[in-house]
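Visitor: dropping the sequence and predicted coords here.
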2 protein chains.
Amino acid sequence: MSNTRTKIMNLAEKLIRTKGYHAFSYKDISAPLQIKNAAVHYHFPAKADLGEAIISRTIRTFELQTEEWKPLSPEKKLEAFINIYRESKEQNMVCFMGALGPSYDSLPDNMKAELTIASNQIRLWLREVLQEGKDKGLFDFSETIEEKADTIVTALLSSLILSIVSQEDVLQTVSKAIPKAL
Amino acid sequence: MSNTRTKIMNLAEKLIRTKGYHAFSYKDISAPLQIKNAAVHYHFPAKADLGEAIISRTIRTFELQTEEWKPLSPEKKLEAFINIYRESKEQNMVCFMGALGPSYDSLPDNMKAELTIASNQIRLWLREVLQEGKDKGLFDFSETIEEKADTIVTALLSSLILSIVSQEDVLQTVSKAIPKAL
DNA sequence: AAATATACTTACTAATAAGTAAGTTCTTGA
DNA sequence: TCAAGAACTTACTTATTAGTAAGTATATTT
């Protein structure tokens, strides 16, 4: 796997997560990398292929990370999860779900399918962490597991959006609130 | 103010909130309304003017609504607020903040400015409602007012996104959880 | 050494985008 | 009734888009 391919994906991901999928062109990738437009098409024939590759990579990375986190306590797992969002925020990016989800109807079919898989994977993992914490008597909340998981993941997702729009650190506010309600 | 102008804005809003700002063109508006491309430009010279008009209208509508809600109890105010999101969900739309926020960097300056104003207006209103509820002994939570307000607004915002992506009613899940944690 | 595959560049195409200038029709108030 | 403005249409332009076909240099394999 070439270095150029990875550079293209990294830059495209950055563009998607700051400007959106429809707001960048192959020129925005080829110019900074000092390659020709057709070189991007060589690695990713269609823009949809590039988009899909980025979602797939994110899914794989998440699988690897959660695998690594398996020995951690539920609290530490949640902390590690929140930390992903913190890293995004530091780079002024929203998460890929927040970037692509709102324009779902305008995405190519392959990207839609990958995105749906990813969303349910993340929500399922979070439910398992909350269940584990509840079973071990570490977490205590009145909502159901599903409710709590969705409350947390939605709060993190749009705190990145609102951090950029409102120009305040909404992620910080929200992530301080999460452990208080557990 | 002509009927066409309103029709253009309504359709453009629908397009923004399902496909995104960069994923629709003036043709997507002129064709269904059976008018010419230049007719759209007559009412909104640049696409940025159309975008700004939609955000401004949403702000004005929110101001009118919250004004109407003034006599309501904090619980009812919150209920009415959640209901806005429910109506969006029924039309398979995300809210305008969720639609435009993630591509903030690629938006025209006038839209950015309006969006920032809107986000802080909504957050401020919600903080006031929560404060009122706390003062009246109706709400009881361990988080600060700011934390609680941001937790609620972020949960609602991205529950619309996740409802579309995951194809489950995440808004329903999340809005059931909100009163449980008050 | 020859053949082959990889990773590109050069040089395009066809479609679509936003936007404009000039003309037309319709409405309305003086 | 007529002059003026509002609400368009016609007919463009210019720029950008994704995408492709054909060629080239450089490794790698046989």
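Guide: Thanks, I have it.
Visitor: the lengthiest helix in chain A and chain B, are they touching?
Guide: Taking DSSP state H as the criterion, chain A has its longest helix at helix A:109-135. Yes. Residues of helix A:109-135 are located near chain B by CB under 8 Å from any CB of the partner chain, namely A:Leu115, A:Thr116, A:Ser119, A:Asn120, A:Arg123. (Each C-beta comes from the backbone N, C-alpha and C, glycine too.)
Visitor: also stretch A:71-82?
Guide: No. Stretch A:71-82 lies out of reach of chain B by CB under 8 Å from any CB, never closer than 13.2 Å.
Visitor: that older thread, ok, and of the residues of helix A:109-135 next to chain B, which contact DNA strand D?
Guide: Contacts with DNA strand D within these, counted by CB under 7 Å from any atom of the strand: none were found.
Visitor: any quick ChimeraX command for the buried ones out of those residues?
Guide: In ChimeraX, a selection of the buried entries from the residues of helix A:109-135 next to chain B looks like this (16 or more other CB atoms under 10 Å in any protein chain shown):
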select /A:115,116,119,123
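Visitor: now do the helices in chain A.
Guide: Going by DSSP H, chain A shows helices at A:3-16, A:26-33, A:37-43, A:47-68, A:74-90, A:96-100, A:109-135, A:145-166, A:170-180.
Visitor: how about the contacts made by A:Arg123?
Guide: Shown in contact with A:Arg123 (CB atoms under 8 Å, 6 or more residues apart in numbering or on different chains): A:Ala149, A:Asp150, A:Val153, B:Leu162, B:Ser166.
Visitor: can we see that at 6 Å?
Guide: Counting by CB atoms under 6 Å, 6 or more residues apart in numbering or on different chains, A:Arg123 touches A:Ala149.
Visitor: report pLDDT for it.
Guide: On the pLDDT scale, A:Arg123 is placed at 97.
Visitor: quick one on the thing from earlier: got the helices of chain A as a markdown table, with distance to B:Gly20 columns?
Guide: Shown next, in a markdown table, are the helices of chain A (distance: least, CB to CB, whole Å):
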| stretch | distance to B:Gly20 |
| --- | --- |
| helix A:3-16 | 12 |
| helix A:26-33 | 17 |
| helix A:37-43 | 22 |
| helix A:47-68 | 14 |
| helix A:74-90 | 19 |
| helix A:96-100 | 10 |
| helix A:109-135 | 13 |
| helix A:145-166 | 13 |
| helix A:170-180 | 21 |
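Visitor: the ones you listed into JSON lines, with extra columns for distance to DNA strand C?
Guide: Formatted as JSON lines, the helices of chain A follow (distance: least, CB to the nearest atom of the strand, whole Å):
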{"stretch": "helix A:3-16", "distance to DNA strand C": "3"}
{"stretch": "helix A:26-33", "distance to DNA strand C": "7"}
{"stretch": "helix A:37-43", "distance to DNA strand C": "3"}
{"stretch": "helix A:47-68", "distance to DNA strand C": "14"}
{"stretch": "helix A:74-90", "distance to DNA strand C": "27"}
{"stretch": "helix A:96-100", "distance to DNA strand C": "19"}
{"stretch": "helix A:109-135", "distance to DNA strand C": "18"}
{"stretch": "helix A:145-166", "distance to DNA strand C": "22"}
{"stretch": "helix A:170-180", "distance to DNA strand C": "30"}
